[in-house]
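Engineer: Here's my sequence, what's the structure:
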Amino acid sequence: MNEKPVTVTQINRYINNKMKLDEQLSDINIRGEISNYKTYPSGHSYFTLKDKNSQISAVMFYGFRQYLKFEPKDGMKVIIRGNIEVYEKNGQYQLHAKKITEDGLGELHIAYEQLKKKLDDEGLFDESHKKQIPRYPKRIGVVTAQTGAAIRDIITTIKRRYPLCEVLVFSTLVQGDLAKFQIVEQIQKADGYDLDTLIVGRGGGSIEDLWPFNEEIVARAIFECETPVISAVGHEIDFTISDFVADLRAATPTAAAERAVPDIKELKDKVKQYNIRANNSINEMIFYYKNRLDDISNKQLFKSPTHIYDIKRMHLDNLLGRFDYISKNIINENRNKLFKLENSPVLRKPDSLIDKKKERFIRNLGKLEILNPLLTLKRGYSIAKKEDTVVSSVKDVDEGDELIIRFDDGEVNTKVI
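Structural biologist: Below you'll find the model as predicted:
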């Protein structure tokens, strides 16, 4: 035995060199299932290769990965050719993959897809079952590990954004075979605490770590929970059955806390804006009604109420004046008519009117007498008629015609010879 101590680096390097010289480990084919696969900006991909009972860390450097014909995914069964080396910095041995060949999907992935289809067919994912997440919760429950980073992120985020909200933690295992039973128990327990919202989740991990949230009993407990549930399992790329059945899915526990409560700073800003808008509206209304009041106050009715009476009085005086003028005219006209009537000859000297009429009659009668043909006969003239027609020319009679000759004192019949 060598009594001289060696450093950790020396022992890790020693073991690594041993592995490199081992023919079995320097070129080996391994069958397994890919888990927690992730490619970094450097182009190197890191993942876990596992089977039912064991797992090994693996890396595929960009120099080999660039020749892959497909993109490896979690749950994919593969056969990897490479070698085993020790990463001297942490003493962890790992598989350096040089070639990856598909060998079918993993059992967990198949189980995941089968349960997802089953619950979807039963309607557990339907939007009609989703409950509304309260906007301003008073009390929020969190079902997760009490010592994990997830609960710290959730509490910190809620207290920062909305310190008015109370947070109750329902601690549970979040990985391992017993986790699903504790998760269901805590969900059912939290549902009796009159909570506004319940967050169920945990931080990131491999598909095996997150598997309790893919269990059917957990999914059904979330579905039957009366309290609105936000699922927050793993990172943004991780989707579990709990995410589909929950009322809301958050990409991370921190995101779940942000979705569960409003930001009090934003609320204060909104209240401030509403206050400004309300004051502006009130001031505008005051200004508007003040102008209306000024307009009304400046009306003649209120400035000089007697002015309206004066106008009406003036109008009345005008009417009375017109009435007096018209009535006097009517009286004067009728008085003149009465005067004329009283002084007319008909009433004052009715005999003189008869005398005037008589004189006029006699004067007209004299004019008629002058024109009377009988007066001509009295002066010695006569009128000859033939068959009642006055004969005014010798041409109107022929020999043998019988004529009537009228004189002033009579008529004689005669015959033309």
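Engineer: Show me the shaky parts of the protein.
Structural biologist: Across the chain, residues meeting the criterion (pLDDT under 70) sit at 1-2, 69, 104-107.
Engineer: let's go with 80 and repeat that
Structural biologist: Residue ranges of the chain with pLDDT under 80: 1-3, 68-71, 102-111, 206-207, 235-238, 300-308, 345-350, 353, 369-379.
Engineer: what's next to the longest strand along it, contact-wise?
Structural biologist: As assigned by DSSP state E, the longest strand anywhere in the chain is strand 92-105. Residues outside strand 92-105 that contact it (CB atoms under 8 Å, 6 or more residues apart in numbering): 15, 19, 30-31, 49, 56-61, 64, 68, 70, 72, 75-87. C-beta: built from backbone N, CA, C; applies to glycine.
Engineer: tell me which residues in stretch 156-163 are buried?
Structural biologist: Thr157, Ile158, Arg161, Tyr162 (16 or more other CB atoms under 10 Å).
Engineer: in those, which two residues are the furthest apart from each other?
Structural biologist: Greatest spatial distance among these (CB to CB): Thr157 and Tyr162, at 9.1 Å.
Engineer: which neighbours do those two share?
Structural biologist: Contact criterion CB under 8 Å, 6+ apart; residues shared by Thr157 and Tyr162: none found.
Engineer: And for the residue lying closest to Lys378 once chain neighbours are set aside, the neighbour number?
Structural biologist: Once flanking residues are discounted, Lys378 sits nearest to Asp408: 4.8 Å by CB to CB, 6 or more residues apart in numbering. By other CB atoms under 10 Å, the residues close to Asp408 number 13.
Engineer: show me what contacts Gly230?
Structural biologist: In this structure residue 230 is Ile, not Gly. Ile230 makes contact with 133, 197-201, 246-250, 256, 259-260 under the criterion CB under 8 Å, 6+ apart.
Engineer: Can you flag which of those residues belong to helices?
Structural biologist: Among these, the members falling in helices are Ala256, Arg259, Ala260 (criterion: DSSP state H).
Engineer: hang on, the second one packs against Asp247?
Structural biologist: No: with the criterion set as CB atoms under 8 Å, Arg259 and Asp247 do not qualify as a contacting pair; they are 10.5 Å apart.
Engineer: Neighbour count: the two, which is higher?
Structural biologist: A direct count of neighbours by other CB under 10 Å for Arg259 and Asp247 places Asp247 higher, at 20 against 17.
Engineer: Contacts only, for the more buried one.
Structural biologist: Lys130, Lys131, Gln132, Ile133, Pro228, Val229, Ile230.
Engineer: next one: phi and psi at Ala232?
Structural biologist: Note on Ala232: its backbone torsions stand at phi -140, psi 80 [degrees, to the nearest 10].
Engineer: Distance-wise, check the nearest residue to Ile84 once chain neighbours are set aside relative to Asn16.
Structural biologist: Distance criterion CB to CB, 6+ apart; nearest residue to Ile84, sequence neighbours excluded, is Leu25 at 4.2 Å. Taking CB to CB, to the nearest Å as the measure, Leu25 and Asn16 are separated by 11 Å.
Engineer: Could you identify the buried members of the contacts of strand 92-105?
Structural biologist: So, by 16+ other CB under 10 Å, the buried ones in the contacts of strand 92-105 are 19, 30, 49, 56, 58-60, 64, 72, 75-78, 80, 82-86.
Engineer: Common neighbours of Arg259 and Asp247, please.
Structural biologist: Ile133, Ile230.
Engineer: Work out the gap between stretch 157-172 and the centre of the chain.
Structural biologist: Average the C-alpha atoms of stretch 157-172, do the same for its chain, and the two points are 35 Å apart (CA atoms, centre = their mean, to the nearest Å).
Engineer: Residues contacting stretch 157-167, please?
Structural biologist: Residues contacting stretch 157-167 (CB under 8 Å, 6+ apart): 137-142, 154-155, 254, 257-258, 260-265.
Engineer: From the residues you listed, which land in helices?
Structural biologist: Ile154, Ile155, Thr254, Ala257, Glu258, Ala260, Ile264, Lys265.
Engineer: and the helix or strand Ile362 falls within, what does it pack onto?
Structural biologist: Assigned by DSSP states H and E, Ile362 belongs to helix 350-371. With contacts taken as 3 or more CB pairs under 8 Å, 6 or more residues apart in numbering; DSSP states H and E, helix 350-371 sits against helix 345-348.
Engineer: which stretches of the stretch 1-150 of the chain form strands?
Structural biologist: 28-39, 45-50, 55-60, 76-87, 92-105, 139-144 (DSSP state E, counting those that start in this stretch).
Engineer: Need the ones you listed in JSON lines (columns: distance to Leu377).
Structural biologist: Shown next, in JSON lines, are those (distance: least, CB to CB, whole Å):
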{"stretch": "strand 28-39", "distance to Leu377": "165"}
{"stretch": "strand 45-50", "distance to Leu377": "169"}
{"stretch": "strand 55-60", "distance to Leu377": "173"}
{"stretch": "strand 76-87", "distance to Leu377": "167"}
{"stretch": "strand 92-105", "distance to Leu377": "165"}
{"stretch": "strand 139-144", "distance to Leu377": "152"}
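Engineer: Compare these and report which one is nearest to Asn372.
Structural biologist: Of all these, strand 139-144 sits nearest to Asn372, with 143.8 Å by CB to CB.
Engineer: quick one, strands of the stretch 151-300 of the chain?
Structural biologist: Here the stretch 151-300 of the chain has its strands, by DSSP E, counting those that start in this stretch, at 166-171, 197-202, 229-233, 248-249.
Engineer: okay if I get those strands as JSON lines plus distance to Pro41?
Structural biologist: Formatted as JSON lines, the strands of the stretch 151-300 of the chain follow (distance: least, CB to CB, whole Å):
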{"stretch": "strand 166-171", "distance to Pro41": "36"}
{"stretch": "strand 197-202", "distance to Pro41": "27"}
{"stretch": "strand 229-233", "distance to Pro41": "26"}
{"stretch": "strand 248-249", "distance to Pro41": "27"}
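Engineer: Please name whichever of those is nearest to Lys386.
Structural biologist: When the strands of the stretch 151-300 of the chain are compared by CB to CB, strand 248-249 sits nearest Lys386, at 144.1 Å.
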